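Undergrad: Please work out how this folds:
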Amino acid sequence: MTTIATIALLVLLLVTAAGAIWIRDLIGAVLVLGSYGFVLAVLWASLGAVDVAFMEAVVGAGLSTVFFLLTLFQTDTLKRDAERQNPYPPWQGLLGLCVLGGILLFTAADFPMLGDPNSPPNIHISPTYLKQSLIDTNTPNVVASVLMDYRAFDTLVETAMIFSAGIAAALLLWRKAS
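TA: Numbers count the residues shown, from 1 in each chain. So this is what the prediction gives:
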(Lines give C-alpha, C1' and ligand atoms only; values in the text may rest on other atoms or scores of the structure.)
Protein backbone atom coordinates (compact mmCIF):
# COMPACT_ATOMS: atom_id res chain seq x y z
CA MET A 1 0.00 0.00 0.00
CA THR A 2 1.30 3.43 -0.83
CA THR A 3 2.38 5.94 1.76
CA ILE A 4 -0.41 8.30 0.73
CA ALA A 5 -3.05 5.61 1.30
CA THR A 6 -1.53 4.73 4.68
CA ILE A 7 -1.54 8.38 5.72
CA ALA A 8 -5.15 8.68 4.54
CA LEU A 9 -6.09 5.67 6.68
CA LEU A 10 -4.31 7.18 9.69
CA VAL A 11 -6.14 10.48 9.22
CA LEU A 12 -9.44 8.61 8.91
CA LEU A 13 -8.54 6.70 12.08
CA LEU A 14 -7.97 9.97 13.95
CA VAL A 15 -11.20 11.43 12.60
CA THR A 16 -13.23 8.42 13.73
CA ALA A 17 -11.54 8.44 17.15
CA ALA A 18 -12.32 12.13 17.58
CA GLY A 19 -15.82 11.56 16.23
CA ALA A 20 -16.52 8.91 18.86
CA ILE A 21 -15.70 11.53 21.50
CA TRP A 22 -17.42 14.44 19.74
CA ILE A 23 -20.77 12.79 18.97
CA ARG A 24 -23.24 13.25 21.82
CA ASP A 25 -25.74 10.66 20.59
CA LEU A 26 -24.78 7.32 22.14
CA ILE A 27 -25.94 5.19 19.23
CA GLY A 28 -24.03 7.41 16.81
CA ALA A 29 -20.94 7.20 19.00
CA VAL A 30 -21.15 3.40 19.05
CA LEU A 31 -21.46 3.27 15.26
CA VAL A 32 -18.51 5.63 14.81
CA LEU A 33 -16.51 3.50 17.25
CA GLY A 34 -17.38 0.46 15.13
CA SER A 35 -16.14 2.27 12.04
CA TYR A 36 -12.95 3.07 13.96
CA GLY A 37 -12.47 -0.67 14.47
CA PHE A 38 -13.06 -1.30 10.77
CA VAL A 39 -10.57 1.37 9.67
CA LEU A 40 -8.03 -0.01 12.15
CA ALA A 41 -8.55 -3.51 10.71
CA VAL A 42 -7.94 -2.19 7.19
CA LEU A 43 -4.81 -0.42 8.41
CA TRP A 44 -3.50 -3.60 10.07
CA ALA A 45 -4.18 -5.56 6.89
CA SER A 46 -2.36 -2.96 4.79
CA LEU A 47 0.66 -3.30 7.07
CA GLY A 48 0.69 -7.08 6.58
CA ALA A 49 -0.62 -8.10 10.01
CA VAL A 50 -3.58 -10.06 8.70
CA ASP A 51 -4.14 -12.04 11.92
CA VAL A 52 -4.35 -8.84 13.95
CA ALA A 53 -6.57 -7.27 11.28
CA PHE A 54 -8.94 -10.22 11.42
CA MET A 55 -9.23 -10.05 15.21
CA GLU A 56 -9.76 -6.28 15.11
CA ALA A 57 -12.49 -6.68 12.52
CA VAL A 58 -14.25 -9.39 14.53
CA VAL A 59 -13.84 -7.90 18.00
CA GLY A 60 -13.34 -4.17 17.43
CA ALA A 61 -15.76 -3.57 14.58
CA GLY A 62 -18.17 -6.44 15.05
CA LEU A 63 -18.72 -7.83 18.52
CA SER A 64 -18.04 -4.71 20.54
CA THR A 65 -20.45 -2.71 18.38
CA VAL A 66 -23.17 -5.32 18.79
CA PHE A 67 -22.59 -5.60 22.56
CA PHE A 68 -22.63 -1.81 23.01
CA LEU A 69 -25.88 -1.52 21.03
CA LEU A 70 -27.50 -4.39 22.95
CA THR A 71 -26.49 -2.78 26.22
CA LEU A 72 -27.87 0.61 25.17
CA PHE A 73 -31.20 -0.88 24.11
CA GLN A 74 -31.56 -2.76 27.40
CA THR A 75 -31.09 0.29 29.59
CA ASP A 76 -32.88 3.60 29.93
CA THR A 77 -29.68 5.42 28.95
CA LEU A 78 -31.11 6.47 25.59
CA LYS A 79 -33.99 8.35 27.26
CA ARG A 80 -31.66 10.12 29.66
CA ASP A 81 -29.28 10.91 26.82
CA ALA A 82 -32.08 12.51 24.80
CA GLU A 83 -33.05 14.67 27.78
CA ARG A 84 -29.58 16.13 28.36
CA GLN A 85 -28.18 17.00 24.96
CA ASN A 86 -24.89 18.87 25.40
CA PRO A 87 -23.55 20.26 22.10
CA TYR A 88 -19.92 20.32 23.26
CA PRO A 89 -17.66 17.28 23.67
CA PRO A 90 -15.83 16.70 26.93
CA TRP A 91 -12.62 18.71 26.74
CA GLN A 92 -10.79 16.11 28.84
CA GLY A 93 -11.39 13.47 26.16
CA LEU A 94 -10.13 15.70 23.37
CA LEU A 95 -7.09 16.70 25.42
CA GLY A 96 -6.36 13.04 26.24
CA LEU A 97 -6.70 12.12 22.56
CA CYS A 98 -4.19 14.82 21.58
CA VAL A 99 -1.73 13.77 24.31
CA LEU A 100 -2.01 10.11 23.37
CA GLY A 101 -1.53 10.94 19.69
CA GLY A 102 1.58 12.98 20.52
CA ILE A 103 3.04 10.15 22.58
CA LEU A 104 2.36 7.65 19.80
CA LEU A 105 3.97 9.91 17.19
CA PHE A 106 6.97 10.49 19.47
CA THR A 107 7.53 6.77 20.02
CA ALA A 108 6.94 5.91 16.36
CA ALA A 109 10.05 7.90 15.44
CA ASP A 110 12.16 5.04 16.88
CA PHE A 111 10.56 2.38 14.69
CA PRO A 112 12.55 1.05 11.75
CA MET A 113 11.42 2.15 8.32
CA LEU A 114 8.63 0.05 6.81
CA GLY A 115 10.16 -2.64 4.57
CA ASP A 116 13.71 -2.05 5.82
CA PRO A 117 15.60 -5.32 5.18
CA ASN A 118 18.12 -4.43 7.90
CA SER A 119 15.59 -3.96 10.70
CA PRO A 120 16.11 -6.23 13.74
CA PRO A 121 13.13 -8.53 13.04
CA ASN A 122 14.28 -9.07 9.46
CA ILE A 123 17.84 -9.84 10.52
CA HIS A 124 17.37 -11.97 13.63
CA ILE A 125 14.14 -13.92 13.91
CA SER A 126 12.36 -13.93 10.54
CA PRO A 127 15.09 -15.83 8.65
CA THR A 128 15.08 -18.46 11.39
CA TYR A 129 11.32 -18.94 11.09
CA LEU A 130 11.49 -19.10 7.30
CA LYS A 131 14.36 -21.61 7.22
CA GLN A 132 13.45 -23.80 10.19
CA SER A 133 9.64 -23.84 10.34
CA LEU A 134 9.15 -26.82 8.03
CA ILE A 135 11.91 -28.77 9.77
CA ASP A 136 10.84 -27.89 13.32
CA THR A 137 7.07 -28.06 12.98
CA ASN A 138 6.41 -30.15 9.86
CA THR A 139 3.94 -27.44 8.79
CA PRO A 140 4.32 -25.99 5.27
CA ASN A 141 2.53 -22.74 6.16
CA VAL A 142 4.99 -20.48 8.00
CA VAL A 143 2.28 -18.25 9.51
CA ALA A 144 0.42 -21.25 10.91
CA SER A 145 3.64 -22.71 12.31
CA VAL A 146 4.51 -19.43 14.04
CA LEU A 147 1.03 -18.99 15.53
CA MET A 148 0.35 -22.60 16.51
CA ASP A 149 3.82 -24.02 17.23
CA TYR A 150 6.35 -21.32 18.09
CA ARG A 151 3.82 -19.04 19.80
CA ALA A 152 1.19 -21.61 20.79
CA PHE A 153 1.03 -20.56 24.45
CA ASP A 154 0.65 -16.89 23.48
CA THR A 155 -2.11 -17.78 21.00
CA LEU A 156 -3.83 -19.92 23.64
CA VAL A 157 -3.81 -17.06 26.16
CA GLU A 158 -5.12 -14.60 23.55
CA THR A 159 -7.91 -17.02 22.64
CA ALA A 160 -8.77 -17.54 26.31
CA MET A 161 -8.92 -13.77 26.86
CA ILE A 162 -11.28 -13.26 23.91
CA PHE A 163 -13.44 -16.17 25.09
CA SER A 164 -13.53 -14.77 28.64
CA ALA A 165 -14.51 -11.33 27.35
CA GLY A 166 -17.32 -12.89 25.31
CA ILE A 167 -18.60 -14.86 28.29
CA ALA A 168 -18.42 -11.79 30.54
CA ALA A 169 -20.35 -9.71 27.99
CA ALA A 170 -22.94 -12.46 27.58
CA LEU A 171 -23.38 -12.68 31.36
CA LEU A 172 -23.77 -8.91 31.62
CA LEU A 173 -26.38 -8.83 28.88
CA TRP A 174 -28.26 -11.94 29.93
CA ARG A 175 -31.60 -11.48 31.61
CA LYS A 176 -33.70 -14.14 33.24
CA ALA A 177 -37.04 -14.65 31.59
CA SER A 178 -39.74 -13.52 33.98
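Undergrad: residue boundaries of the strands in the protein?
TA: Ranges of strands within the chain: none, based on DSSP state E.
Undergrad: Tell me which residue lies nearest the centroid of it.
TA: The centroid of the chain falls nearest to residue 56 when counting by C-alpha atoms, centre = their mean (4.3 Å).
Undergrad: what about the closest residue to that residue other than its chain neighbours, how many residues close to it?
TA: Nearest residue to residue 56, sequence neighbours excluded (C-beta to C-beta, 6 or more residues apart in numbering): residue 41, at 4.2 Å. (Each C-beta comes from the backbone N, C-alpha and C, glycine too.) When neighbours are defined as other C-beta atoms under 10 Å, residue 41 has 23 of them.
Undergrad: again, but for the one 4 residues further on
TA: By the other C-beta under 10 Å criterion, the neighbourhood of residue 45 contains 17 residues.
Undergrad: Report the contact partners of it.
TA: Applying C-beta atoms under 8 Å, 6 or more residues apart in numbering, we find residue 45 in contact with residue 53.
Undergrad: With residue 147 as the reference, measure out to it.
TA: Note on residue 45: its distance to residue 147, by C-beta to C-beta, to the nearest Å, is 16 Å.
Undergrad: got a list of what residue 137 touches?
TA: Neighbour list for residue 137: 145, 149-150 [criterion: C-beta under 8 Å, 6+ apart].
Undergrad: now those residues in JSON lines, with distance to residue 114?
TA: Converted to JSON lines, the contacts of residue 137 look like this (distance: C-beta to C-beta, whole Å):
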{"residue": "145", "distance to residue 114": "24"}
{"residue": "149", "distance to residue 114": "27"}
{"residue": "150", "distance to residue 114": "24"}
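Undergrad: Give me the buried entries from these.
TA: By neighbour count, with 16 or more other C-beta atoms under 10 Å, the contacts of residue 137 hold 145, 150 as buried.
Undergrad: and which of the contacts of residue 137 is nearest residue 123?
TA: Comparing the contacts of residue 137 against residue 123 with C-beta to C-beta picks out residue 150 as the nearest, at 17.6 Å.
Undergrad: For the closest one, which non-adjacent residue is closest in space?
TA: Looking at residue 150 with C-beta to C-beta, 6+ apart, the closest residue is residue 129, at 7.0 Å.
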